[in-house]
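Trainee: I'd like to go over a predicted model; first the sequence, then the structure.
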Amino acid sequence: MAAFEAAIAGHYGIECDVRPSRDGAAFVFHDARLGRLASRDDKLADLDGATLDCLALPDGGMIPRLSTLLARCGGQTPLLVEIKSDDRDIAPICRAVAHDLASWPDAPVAVMSFNPRAMRWFARHRPDQIRGLVVTQQGKGWLRGRIERTLALWLAKPDFIACDIRDLPSALSRRARARGLPVLTWTVRSDSDRHRAAVHADQIIFEIAHG
């Protein structure tokens, strides 16, 4: 929450990652396992919400629920929610996110995911929700990447795409912008990244390290 507080104080929008607890609550956490940041190495999805609520992070804070972050944003701070799930069944985390978002119908919030089936779920069950597809070419061959992206775009029918900054410029980003589909790019950390993004993307997801 300290990073989110800093973003709000600086009048920035926020990007966060969410994962499901065992009992179907959306928690703001990037990794599948807790070990890098918490005192135990369980998978987050194996623990219930009450247990996760009690786990302290290195800065003394707790792992926030998405509902807590939404309340802190108060319907004013733009929020980009990346849905992460290691299970084939993406419905539980999508339902959890949709449930939390329903309490803030007018908030400036968009959802996105690498998993096109998550965005397809929102297209079917919450069609007015702005949604995006996260893509990367890293670690993939040209043919495999093109096939995967084509299928993912067909499934997700996104309102925007979020491209890996390392992939820009790309044929995908050029085609998307030509069609009027906004291109975000992640994760911008340097001046050179920022200059590249200014030419080849419409908005950045950036990271500033604080000591």
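Mentor: Cool, the structure landed.

Trainee: for the longest helix along the chain, what is the average pLDDT?
Mentor: Longest helix in the chain, counting residues (DSSP state H): helix 142-156. For helix 142-156, mean pLDDT rounds to 86.

Trainee: try stretch 64-83
Mentor: The average pLDDT within stretch 64-83 is 98.

Trainee: now do the same for the residue sitting nearest the centre point of the chain: helix, strand or coil?
Mentor: In the chain, the C-alpha nearest the mean C-alpha coordinate belongs to Glu82, at 1.6 Å (C-alpha atoms, centre = their mean). Secondary structure state of Glu82, per DSSP: H, G, I helix; E, B strand; the rest coil, is strand.

Trainee: can I assume Ala45 sits in a helix?
Mentor: Yes: under three-state DSSP, Ala45 falls within a helix.

Trainee: just checking, it touches Asp86?
Mentor: Yes: contact between Ala45 and Asp86 holds when scored by C-beta atoms under 8 Å: they sit 7.1 Å apart. For every residue, glycine as well, the C-beta is placed using N, CA and C.

Trainee: neighbour count for those two, which is higher?
Mentor: Ala45 (18 against 12; other C-beta atoms under 10 Å).

Trainee: need the CA coordinates for the lowest-mean-pLDDT helix or strand in the chain. CSV is fine.
Mentor: Within the chain, no helix or strand scores below helix 142-156, which has a mean of 86 by mean pLDDT, DSSP states H and E. Taking C-alpha atoms only, helix 142-156 is exported to CSV below (Å, rounded to 0.1, in the frame of the first residue of the first chain):
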residue,chain,number,x,y,z
TRP,A,142,8.2,-15.5,-34.5
LEU,A,143,5.6,-18.0,-35.8
ARG,A,144,4.5,-19.2,-32.4
GLY,A,145,4.2,-15.7,-31.1
ARG,A,146,2.1,-14.6,-34.1
ILE,A,147,-0.3,-17.6,-33.9
GLU,A,148,-0.7,-17.0,-30.1
ARG,A,149,-1.4,-13.3,-30.5
THR,A,150,-3.9,-13.8,-33.3
LEU,A,151,-5.8,-16.3,-31.3
ALA,A,152,-5.6,-14.3,-28.1
LEU,A,153,-6.9,-11.1,-29.9
TRP,A,154,-9.8,-13.1,-31.4
LEU,A,155,-10.7,-14.5,-27.9
ALA,A,156,-10.3,-11.4,-25.9
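
Trainee: that one: which residues count as buried?
Mentor: Gly145, Arg149, Ala152, Leu153, Leu155, Ala156 (16 or more other C-beta atoms under 10 Å).

Trainee: quick one, the helix or strand Ala176 falls within and helix 142-156 angle?
Mentor: Applying DSSP states H and E as the criterion places Ala176 in helix 171-178. Here helix 171-178 points in a direction 40 degrees away from that of helix 142-156 (axes from the mean of the first three to the mean of the last three C-alpha atoms, to 10 degrees).
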